[in-house]
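> I need the structure of the sequence given here:
(one chain, ligands or ions: 2)
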Amino acid sequence: MSAPALDIDAVLADRAVQVMVCCGAGGVGKTTTSAALALRAAERHGRRVVVLTIDPARRLAQSLGLAELDNSPRPVVGVEAAGEGRLDAMMLDMKRTFDEVISAHASPEKAEQIFANPFYQALSTSFAGTQEYMAMEKLGQLRARASGARAGQGWDLIVVDTPPSRSALDFLDAPQRLGSFLDGRLIRVLTAPARVGGRAYLKVVSAAVGSATGVMTKVLGAQVLRDLQTFVAALDTVFGSFRARAERTYEMLQQPGTAFLVIAAPEADALREASYFVERLRDERMPLAGLVLNRVHRSAASHLGAERAAAAAEELDDAEDPPSLTVGLLRVHADLMRRHRREQALASRFTGAHPDVAVAEVDALAEDVHDLSGLREIGERLAG
Ligand SMILES: Nc1ncnc2c1ncn2[C@@H]1O[C@H](COP(=O)(O)OP(=O)(O)OP(=O)(O)O)[C@@H](O)[C@H]1O
Ligand SMILES: [Mg+2]
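Ligands and ions are numbered 1, 2, ... in the order given. Here you go, the predicted structure:
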């Protein structure tokens, strides 16, 4: 079964599309695809684009002018933009984004308290879900800036890369998970003493909470528990706005102005992941533009089948003085053709399950993609 072709240029040219999100399993090419789409939108379609990248490889970051992590967009040098087009790029600094949110929403004293707390470091840099949460937060900020800008300034397209999570679903789930952690029962227990304030707590707190904190004091020690409590209590005061913002961004993702692209490698795991994600987007009524099948292998000499090539290699190898280079080339070709067939079988299994999802295939290039010309080449392949 063949899938409908994904017309990337039609999506990029559509002024109604203002946010594109590249999701997918780890290592499939989300960052590369985001950068390539953003570049093409500026160079071919005259769009004013900002691309939010997350953990780009060092050489790619350099060619986008992202040598330093400053958490705000900068113009990319070397872009040959069409018309009014331009390309800005930024790299997400998770910790700084977290700091910005706290500063914007807590009183200065509360903010100081939070920053100084030893647990803040842990939450803002390594808590599972923080990166996804902050990516959403940054997207919300960029979006506000884009639409708040005067005509002719700002951006008319935001391309969003997503964090290198194990699962594509993490981008949608992690903010909520972090949210329910911050909002959960553990937090209620921990904040109870701070809420009623200082010593008075001892008198007021219920037996349940009391025994829970009692256990925690034993396990964690009094000082650590106090740190945790004051931290969580301080964070609690900013949390309402936190959650409201994440919810707004989530709703924005459901608007028709958003286009999700699911990136997958032609491998069983990545495609299974892609399937889950496609179903999830449908359940949540989030607009899916299509699937990008990245790093597809094929041999240019596709008229020579794998079996014939392999058989010929065998036969030549049996000769008295075998032409080893020819034999080697035939075998490489046969392997490539088999791999291609396997990849196509996996792709058509996906298409069988999701016949209405448009697909674009991108060849595996010989080299890693780390500069504008590499990105242009990916853009060409994306456009078919
Ligand atoms: N079509 C392609 N041909 C050749 N190399 C590619 C292609 N697409 C991506 N790559 C390379 O594969 C590597 C991984 O790509 P990329 O960083 O875009 O993946 P990712 O999905 O963002 O990974 P992570 O989940 O870690 O964020 C990079 O070195 C990139 O240059
Ligand atoms: Mg990446």
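> ok, now how distant is the nearest residue to Pro323 once chain neighbours are set aside from Ser324?
Excluding its sequence neighbours, the residue lying closest to Pro323 (C-beta to C-beta, 6 or more residues apart in numbering) is Leu316, at 6.0 Å. C-betas here are computed from N, CA, C, even on glycine. Leu316 sits 9 Å away from Ser324, going by C-beta to C-beta, to the nearest Å.
> Now do Pro73: how many residues are near it, please.
Pro73 has 20 neighbours, counted by other C-beta atoms under 10 Å.
> can you tell me the helix or strand for Val159?
Secondary structure assignment for Val159, by DSSP states H and E: strand 157-161.
> Who are the packing partners of that strand?
Applying 3 or more C-beta pairs under 8 Å, 6 or more residues apart in numbering; DSSP states H and E, we find strand 157-161 packed against strand 19-24, helix 30-45, strand 48-53, helix 130-148.
> coming back round to it: got a pLDDT number for the residue nearest to Pro323?
With respect to pLDDT, Leu316 has a value of 91.
> Ok, the one 4 residues further on next?
In this prediction, Glu320 carries a pLDDT score of 86.
> where does it land in three-state SS?
Per DSSP: H, G, I helix; E, B strand; the rest coil, the local secondary structure of Glu320 is coil.
> about what we covered before: I'd like the distance between the residue nearest to Pro323 and Leu330.
7 Å.
> For ligand 2, what is the nearest residue in the stretch 201-350 of the chain?
In the stretch 201-350 of the chain, the residue found nearest to ligand 2 is Ile263; the distance is 9.7 Å by C-beta to the ion.
> Run a quick neighbour tally on the residue lying closest to that residue once chain neighbours are set aside.
The shortest distance from Ile263 to any non-neighbouring residue, by C-beta to C-beta, 6+ apart, is to Gly24 (3.6 Å). Using other C-beta under 10 Å, Gly24 has 27 neighbouring residues.
> Check the gap between Gly24 and Leu293 for me.
Gly24 sits 11 Å away from Leu293, going by C-beta to C-beta.
> For the two, list the residues in contact with both.
Ala264 (C-beta atoms under 8 Å, 6 or more residues apart in numbering).
> sorry, back to before: just to check, the residue nearest to Ile263 is in contact with Ala168?
Yes: counting by C-beta atoms under 8 Å, Ala168 is a contact partner of Gly24 at 5.2 Å.
> shared neighbours of the two, which are they?
162, 262, 273-274, 277.
> Now for His370: which residues touch it?
Counting by C-beta under 8 Å, 6+ apart, His370 has contacts 57, 59-60, 62-63.
> partners of the host helix or strand of the residue of the stretch 201-350 of the chain closest to ligand 2 in the sheet?
Ile263 is part of strand 258-264 when elements are defined by DSSP H and E. Here strand 258-264 is paired, per DSSP bridges, with strand 19-24 (parallel), strand 288-296 (parallel).
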